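> no sequence for this one, just the structure:
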């Protein structure tokens, strides 16, 4: 009986000692993952190169063409411009294109990319992404993503028609309910 009791005390003491040792160890390991090393500038630059980030910045320039044309159209309020007005519009278009060209460059975006990637990703994650984008699947993704995005943008309106119809119906229902409430309070 005394031997069994002694064994249990030793076992309990061993468990307590193990818990006292393992708890801080587990906490230390967990904190290491929270404080993973930030990625190096060089590894982020490699990732930006592999993902062709410069092409994404350039594609933003093309997307701004539509708002510029809309601005010019709105300035004319639906009428056809006279020759002197067309010169003003052309001048604006050239100025806007120059402003966009000077501001939407990889040189201007690169410091922002470096800062944000360093804030969000660890070195291990950037290394894994670099490995992926060097693989055939990663290269295919970079090559085919613009086409996928373009196809998605073209298909989106079809998906939104039903949603827009449902929102219009809900808005009509809301208007009817508000109208009924207004008549009831009079």
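Looks like it arrived, so ask away. Because the structure is a prediction, the values reported are computed rather than measured.
> what helices and strands are in contact with the helix or strand hosting residue 163?
Per DSSP states H and E: residue 163 is located in helix 136-185. In this structure, helix 136-185 packs against helix 123-134, with contacts taken as 3 or more Cβ pairs under 8 Å, 6 or more residues apart in numbering; DSSP states H and E. Quick note: C-beta positions are derived from backbone N, CA and C, even for glycine.
> which is the next helix or strand following the worst-scoring helix or strand of the chain on mean pLDDT?
Lowest mean confidence among the helices and strands of the chain (mean pLDDT, DSSP states H and E): helix 2-34, at a mean of 47. Using DSSP H and E, the helix or strand that follows helix 2-34 towards the C-terminus is helix 41-50.
> tell me the contacts of residue 51?
133, 142 (Cβ atoms under 8 Å, 6 or more residues apart in numbering).
> distance of it from residue 130?
Residue 51 sits 9 Å away from residue 130, going by Cβ to Cβ, to the nearest Å.
> and for residue 163?
Taken as Cβ to Cβ, the span from residue 163 to residue 130 is 38 Å.
> who has more neighbours out of these two?
Taking neighbours as other Cβ atoms under 10 Å, residue 163 and residue 130 compare with residue 130 leading, 19 against 9.
> if we can go back for a sec, what angle separates the helix holding residue 163 from helix 41-50?
Angle of helix 136-185 versus helix 41-50, following axes from the mean of the first three to the mean of the last three Cα atoms, to 10 degrees, is 80 degrees.
> give the rounded mean pLDDT of helix 136-185.
For helix 136-185, mean pLDDT rounds to 89.
> check stretch 89-109 too.
Stretch 89-109 comes out with an average pLDDT of 92.
> which parts of it are buried?
89, 96, 100, 104, 109 (16 or more other Cβ atoms under 10 Å).
> how close does residue 148 get to residue 176?
Counting by Cβ to Cβ - residue 148 and residue 176 are separated by 42 Å.
> could you dump the buried residues of stretch 89-109 to CSV with distance to residue 38 and secondary structure?
Formatted as CSV, these follow (distance: Cβ to Cβ, whole Å; DSSP: H, G, I helix; E, B strand; the rest coil):
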residue, distance to residue 38, secondary structure
89, 48, helix
96, 38, helix
100, 32, helix
104, 27, coil
109, 19, helix
